[in-house]
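[1] coordinates only, sequence not included:
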């Protein structure tokens, strides 16, 4: 007979301890150690985590396998299909996370309603009743006003019963909302614990790989913005998606942070309306629709979100510090990156930013992480400091170094074509060292070497008419 003993597991990072600790030594969380009762495995018996794989698999030569692409199920929602890499791969398991109230359940119910028009879908919720889901489905109805017949609803948290529903209905798509509410009755720990989340996700993974059923799992996030539960949860699934955005704004961004069947960092843009999440076909045009022309402190950057170029407006504002301690407040950009750009502007251009509060904002709730937006951020700050507007028809692309030099980012032809398509006539970019790939010819490209030349060009002056020296105080 297997022996039973207890252990303490951190609910934040999954660290296991033999005794209780008030503070986890690995992640530093307080009161996160929860006692769990476990049974020792019988010698020679496989754990449920690896059961089924070793009995079915066999080693074969790599040349014996087919190199054809995985079959996909087309999703009528274009932005959702784009983030997945072109559709839902059969037998895959996808994890979707996001802040509370951001629209995860709404998006997945929309996907379920669209997919149920052509195949059978099972939507399992552990947080809402069937009546609540039906009320939301009525609100999401399209102009046709008919509910799909092959959409099945179930309110269940016991994974054993969920698997029985799958065997009875035999769906092509299973949606579980959420993984933190699902539990296995043979385990003594409560739902949402590290062991329950790990074991339930492993069972769902085995179900997807063995039967070809596509599984979507909704996960909660912590206050730090990461998926709640053990880190192994993100390793078990094939794709991890995050639904980002401010609850008080209309735009939502579906971002791929892991995808075994498509591009990583791909972004789909949606707008929250009364009828649910509506996809935004041209996000660049949407983000620039309310832009104020010829306003000081406004610059346009071209960022790459996966394989898609997106134009965003970067706003900068400087004001005199009231009590001697200057503030640095970023929204949508990295804090340390903004500090570095402020130091470069102070040291290389002589701008007295040490006595100024600096605020940087990316319009539309976008988060810009790549260095290609450095030049636009620096130009927005300098424009606000000088109270001179940047050229309204210009985009700024480039990485800024500590010496004030500019470096060329990748995929420049795609960025320039997107800017040209939206009506911008000028692009201020770093000077090319090699001209192997041709750039678009219908846009005026100003190539500069330093941030000084770039700001001179952005303010409407010819950088070639000035020597590349630091301005005198």
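    Received the coordinates, thanks. Since we're looking at a predicted model, the values are computed, not measured.

[2] Make sure residue 393 is actually in contact with residue 427.
    No - with contact defined as Cβ atoms under 8 Å, residue 393 does not reach residue 427; the gap is 9.8 Å. The way it works is simple: take the backbone N, C-alpha and C, and place the C-beta from them, glycine included.

[3] more crowded one of those two?
    Comparing residue 393 with residue 427 by neighbour count (other Cβ atoms under 10 Å), the higher total belongs to residue 427, at 24 against 15.

[4] Are we agreed that the more buried one is in a strand?
    Yes - under DSSP: H, G, I helix; E, B strand; the rest coil, residue 427 sits within a strand.

[5] In contact with it, which residues?
    Neighbouring residues of residue 427 by Cβ atoms under 8 Å, 6 or more residues apart in numbering: 394, 395, 396, 397, 416, 419, 443, 444, 445, 446.

[6] Could you measure from it over to residue 219?
    Residue 427 sits 41 Å away from residue 219, going by Cβ to Cβ, to the nearest Å.

[7] And the host helix or strand of residue 357, what does it pack against?
    Secondary structure assignment for residue 357, by DSSP states H and E: strand 356-362. For strand 356-362, the packing partners by 3 or more Cβ pairs under 8 Å, 6 or more residues apart in numbering; DSSP states H and E come out as strand 308-320, strand 328-331, helix 335-349, helix 374-386.

[8] Taking helix 374-386 as reference, get the angle to the third one.
    The reference is to helix 335-349. Put simply, helix 335-349 runs at 60 degrees to helix 374-386, going by axes from the mean of the first three to the mean of the last three Cα atoms, to 10 degrees.

[9] what residues does helix 335-349 touch?
    By Cβ under 8 Å, 6+ apart, the residues outside helix 335-349 that reach it are 328, 330, 351-354, 358, 360, 371, 374, 377-378, 381-382, 385, 400-404, 450-452, 455, 470-471.

[10] What ranges in the protein fall below the confidence cut-off?
    Counting by pLDDT under 70, the chain has low-confidence residues at 1-3, 39-57, 67, 142-144, 223-231, 436, 460-473.

[11] Report the residue ranges of every domain in it.
    The record assigns the chain these domain ranges, following automatic domain parsing: 4-39, 70-281, 286-465.

[12] a markdown table please, covering those and showing distance to residue 61.
    Compiled in a markdown table, the domains of the chain are given as follows (distance: least, Cβ to Cβ, whole Å):
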| stretch | distance to residue 61 |
| --- | --- |
| domain 4-39 | 37 |
| domain 70-281 | 21 |
| domain 286-465 | 34 |
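
[13] between those, which gets nearest to residue 63?
    Using Cβ to Cβ as the criterion, the shortest distance between residue 63 and those is 18.9 Å, found for domain 70-281.

[14] Centroid-nearest residue for the protein?
    Nearest to the centroid of the C-alpha atoms of the chain, with distances taken as Cα atoms, centre = their mean, sits residue 255, at 2.9 Å.

[15] Which strand residues bridge it?
    Legend: beta-bridge partners of residue 255 under DSSP bridges are residue 242, residue 267.

[16] Do I have it right that it meets residue 244?
    Yes - distance between residue 255 and residue 244: 5.9 Å, which falls inside the contact criterion (Cβ under 8 Å).

[17] what sits in contact with each of those two?
    In the contact map built from Cβ under 8 Å, 6+ apart, no residue is linked to both residue 255 and residue 244.

[18] returning to what we had before: residue 100 versus the residue nearest to the centre of the chain, what's the distance?
    18 Å.

[19] cool, and residue 300?
    For residue 300, the distance to residue 100 - Cβ to Cβ - is 33 Å.

[20] So between the two, which is more surrounded?
    Looking at residue 300 and residue 100 with other Cβ under 10 Å, you find the greater number of neighbours at residue 300, namely 27 against 8.

[21] Let me see the ranges of the strands in the stretch 51-200 of the chain.
    Secondary structure of the stretch 51-200 of the chain (DSSP state E, counting those that start in this stretch): strands at 72-73, 88-89, 93-98, 121-125, 151-155, 173-177.

[22] State the number of residues packed around the closest residue to residue 384 other than its chain neighbours.
    The shortest distance from residue 384 to any non-neighbouring residue, by Cβ to Cβ, 6 or more residues apart in numbering, is to residue 297 (3.4 Å). Other residues within reach of residue 297 by the criterion other Cβ under 10 Å amount to 24.

[23] how about residue 297, phi and psi?
    Dihedral pair for residue 297: phi 90, psi 10, per degrees, to the nearest 10.

[24] wait, what's in contact with it?
    315, 316, 317, 318, 380, 381, 383, 384.

[25] so which of the domains of the chain gets nearest residue 60?
    Closest approach to residue 60 among the domains of the chain is made by domain 70-281 (16.8 Å; Cβ to Cβ).

[26] Compute the first-to-last residue distance for the closest one.
    The distance separating the two terminal residues of domain 70-281, taken as Cα to Cα, to the nearest Å, comes to 26 Å.

[27] now it: how far from the chain's centre is it?
    In this view, domain 70-281 has its centroid 15 Å away from the chain centroid, taken as Cα atoms, centre = their mean, to the nearest Å.

[28] and if you look at stretch 22-38?
    Per Cα atoms, centre = their mean, the centroid offset for stretch 22-38 relative to its chain is 29 Å.

[29] Only the buried residues of it, if you could.
    Of the residues in stretch 22-38, those buried by neighbour count under the rule 16 or more other Cβ atoms under 10 Å are 24, 32, 33, 34, 36, 38.

[30] which residue sits closest to the third one in space, ignoring its chain neighbours?
    Just to be clear, that refers to residue 33. Nearest in space to residue 33, with sequence neighbours left out and distances taken as Cβ to Cβ, 6+ apart, is residue 8 at 4.3 Å.

[31] Surely the one you found is in a helix?
    No - the assignment for residue 8 (three-state DSSP) gives strand, which keeps it out of a helix.

[32] I figured it hits residue 16, correct?
    Yes - at 7.3 Å, residue 8 and residue 16 qualify as touching, with contact defined as Cβ under 8 Å.

[33] any idea how far residue 87 is from the residue nearest to residue 384?
    Applying Cβ to Cβ, the value for residue 297 to residue 87 is 42 Å.

[34] just residue 74 next, same as before
    Counting by Cβ to Cβ, the separation of residue 74 from residue 87 is 5 Å.

[35] These two - which one has more neighbours?
    Under the criterion of other Cβ under 10 Å, the comparison of residue 74 against residue 87 puts residue 87 first, with 18 against 11.

[36] What residues does that one make contact with?
    When contacts are counted by Cβ under 8 Å, 6+ apart, residue 87 is found next to 72, 73, 74, 75, 81.

[37] Would you mind measuring from the residue found closest to it once you drop the neighbours it is linked to in the chain to residue 65?
    Nearest in space to residue 87, with sequence neighbours left out and distances taken as Cβ to Cβ, 6+ apart, is residue 72 at 3.3 Å. For residue 72, the distance to residue 65 (Cβ to Cβ) stands at 19 Å.

[38] Those two: which has the busier surroundings?
    A side-by-side neighbour count of residue 72 and residue 65, using other Cβ under 10 Å, places residue 72 first with 18 against 8.
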